[in-house]
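1. Sequence first, then the predicted structure, then my questions.
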Amino acid sequence: MKQGFGLLAGALALGLFSASAAELPRGDAGALGFDKARLAALDAAISARIERGDFPGAIMMIVRDGQIAHLSTMGLRRPGGDPMTEDSIFRIYSMTKPVTSVVAMMLVEEGRLDLSHPVHAYLPEYKEMKVLTEEGEAPARRAMTVHDLLLHTAGLTYGFFGAGPARDALNAANVENGGFDNREVARVIAGLPLEHHPGEVWEYSRSTDVLGALIKVVEGKPLGQVMEERVFSPLGMKDTGFWADREDERARLAEALAEDMGVGPLAMFDPAQPRVFESGGGGLVSTAHDYARFAQMLMNGGELDGVRLLAPATVAYMTADHLAPRGIKPGKYYLPGGGYGFGLGVAVRAAAGAPAMGVVGEYNWGGAAGTYYWADPENDMFVLYMMQSPKHRIPLRAQLRNMVYGALVETDD
């Protein structure tokens, strides 16, 4: 990750964190409340999918009480390549969104960004938006706010799944062509119609990309530089960024099977190729150890190893359901799923009876290429699953949840 590498080296020289700080401490699974035989069965279930040819390899990490209780590498880093290793680099796609949301909330804490302000207070082109439905075009009933961007209630959409006139317009704009920077992407999106009136419907969207452009305007710096200075360098996330362009990074890049790399808007990007668009909604690459440090920071209420990014109250606010209190309706493609609401950048479990195991208050998000993360504050636990397969990213997630909770035989009471 070329941007900020000098910052990391400087921080090491000053003793701000040690070279070993890139890993959380390791503990004993049994002492941390897990049945080791059941964890072995979890690994076997993933390995069976690898042997079946669904994807080349995977990493499974379970962290409890701030310690790595279970960490396994399975299969290969890429088809016909070297074995999967703990330092393998993955495209995390939408697991970028929680990172962008954290940076936004840091600016909110500093009084430089206001959740209630209209987006056009920072990006003027969003002042007069139109909504395009099957019935035709109409002025938006109200302005989208910064809060809406974080919640996916801004009325925006994604073009790579589903159907509708607003999605068709976004696809035609081709903002993923790599030639637009963040600010230009935001301008292009502002010139397109909305799918919903702001503040009325949750619809997965490019709102976090717009948020990334807004952060760039507030900070006066590229989003990648802001993330490096505010999150990656302070937390020791040395392998996280918008590129993996050094030779050693390219060698560690995990890949999907050739037939699973996708085409068109779903084609997996090459992080070794320069792109001016630093997508706040899905552009980062990272490792299991790096993202674990980010996840542990949130689990700790915004702090890790003496470095505080957010206040505990801010993290609690981010990981609470914001939809039900505002009367927001789920859209036709409601990705959080049954039993879940949505906070600021993460899905939040609001009911015990969701389709897979978990507890109320758990929060999560995943990426289009297969990475997945959920955090359970009640049990002081989070789980990271890293793989690269757009086609096979969903089927294992519920099974992994059920098997992890099935292995957790000593819970915090």
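-> Ah, there it is. Numbering: from 1, shown residues only.
2. Helices along this structure, start to end?
-> 5-13, 36-52, 96-109, 146-151, 165-173, 182-190, 207-219, 223-227, 233-235, 247-251, 288-299, 312-318, 323-326, 395-407 (DSSP state H).
3. Quick one: closest of the ones you listed to residue 158.
-> In terms of C-beta to C-beta, the element of the helices of the chain nearest to residue 158 is helix 165-173, at 7.3 Å. For glycine as for every other residue, the C-beta is placed from the backbone atoms N, C-alpha and C.
4. Where does pLDDT dip in the stretch 251-400 of the chain?
-> Within the stretch 251-400 of the chain, the stretches with pLDDT under 70 are 263-266.
5. From residue 47, how far out is residue 161?
-> Note on residue 161: its distance to residue 47, by C-beta to C-beta, to the nearest Å, is 30 Å.
6. Show me which of these two is the more surrounded one.
-> For residue 161 versus residue 47, neighbours defined as other C-beta atoms under 10 Å are more numerous around residue 47 (16 against 13).
7. Is the closest residue in space to the more buried one that isn't next to it in sequence bridged to anything, and to what?
-> Spatial nearest neighbour of residue 47, chain neighbours left out: residue 74 (5.1 Å); criterion: C-beta to C-beta, 6 or more residues apart in numbering. Under DSSP bridges, the beta-bridge partners of residue 74 are residue 58.
8. Now the phi/psi pair for the nearest residue to residue 376 once chain neighbours are set aside, please.
-> Of all residues not flanking residue 376 in the chain, residue 362 sits nearest, at 4.7 Å (C-beta to C-beta, 6+ apart). Residue 362 adopts backbone torsions of phi -70, psi 150, taken as degrees, to the nearest 10.
9. give the contact list for residue 202.
-> Applying C-beta atoms under 8 Å, 6 or more residues apart in numbering to residue 202 gives the contacts 151-153, 323, 328-331, 334, 336, 342.
10. So for residue 14, what pLDDT did the model give?
-> pLDDT recorded at residue 14 is 37.
11. I'd like the numbering to begin with 769 instead of 1 from here.
-> Yes, from this point I'll number from 769; that puts the last item at residue 782.
12. ok, now which ones touch residue 830?
-> Neighbours of residue 830 in contact, by C-beta under 8 Å, 6+ apart: 797, 802, 807, 836-839, 1149-1152, 1172.
13. what's across from it in the sheet?
-> Bridge pairing for residue 830 - DSSP bridges - gives residue 838, residue 1151.
14. on that earlier part again, which one of the contacts of residue 970 is nearest residue 1073?
-> residue 1110 (29.5 Å).
15. didn't the closest one look like it was pressed against residue 1117?
-> No: using C-beta atoms under 8 Å, residue 1110 is not in contact with residue 1117; the gap is 10.7 Å.
16. Compare neighbour counts for the two and give me the winner.
-> Per other C-beta under 10 Å, whichever of residue 1110 and residue 1117 has more neighbours is residue 1110, with 27 against 22.
17. beta partners of the more buried one?
-> Under the criterion used (DSSP bridges), residue 1110 bridges to residue 1115.
18. how far away is the one residue sitting closest to the centre of the chain from residue 1115?
-> Taking C-alpha atoms, centre = their mean, the centroid of the chain lies closest to residue 863, which sits 1.3 Å from it. As for residue 863, its distance to residue 1115 is 12 Å (criterion: C-beta to C-beta).
19. joint contacts of the two?
-> With C-beta under 8 Å, 6+ apart, residue 863 and residue 1115 have common neighbours residue 1133.
20. who touches the residue nearest to residue 1144 in this structure?
-> For residue 1130, the contact set (C-beta under 8 Å, 6+ apart) comprises 1116-1117, 1142-1146.
21. Report the separation between residue 938 and residue 927.
-> 4 Å.
22. what about residue 1043, how many neighbours?
-> Residue 1043 has 18 nearby residues by other C-beta under 10 Å.
23. With distance to residue 828 as extra columns, can I get the helices of the chain in CSV?
-> As requested, those are exported to CSV (distance: least, C-beta to C-beta, whole Å):
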stretch, distance to residue 828
helix 773-781, 27
helix 804-820, 6
helix 864-877, 20
helix 914-919, 29
helix 933-941, 34
helix 950-958, 33
helix 975-987, 27
helix 991-995, 26
helix 1001-1003, 22
helix 1015-1019, 22
helix 1056-1067, 9
helix 1080-1086, 25
helix 1091-1094, 30
helix 1163-1175, 8
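24. now for these, which one comes closest to residue 1041?
-> Of all those, helix 1015-1019 comes closest under C-beta to C-beta, at 10.4 Å.
25. returning to that earlier point: out of the contacts of residue 830, the closest to residue 957 would be?
-> Distance to residue 957, by C-beta to C-beta, is smallest for residue 1152 among the contacts of residue 830, at 30.8 Å.
26. show me what contacts the closest one?
-> Applying C-beta under 8 Å, 6+ apart, the residues contacting residue 1152 are 827-831, 1056, 1059-1060, 1063, 1139-1141.
27. still on that earlier bit, for residue 1018, state which of the contacts of residue 830 is nearest.
-> Closest to residue 1018, out of all of the contacts of residue 830 and judged by C-beta to C-beta, is residue 1152, at 22.4 Å.
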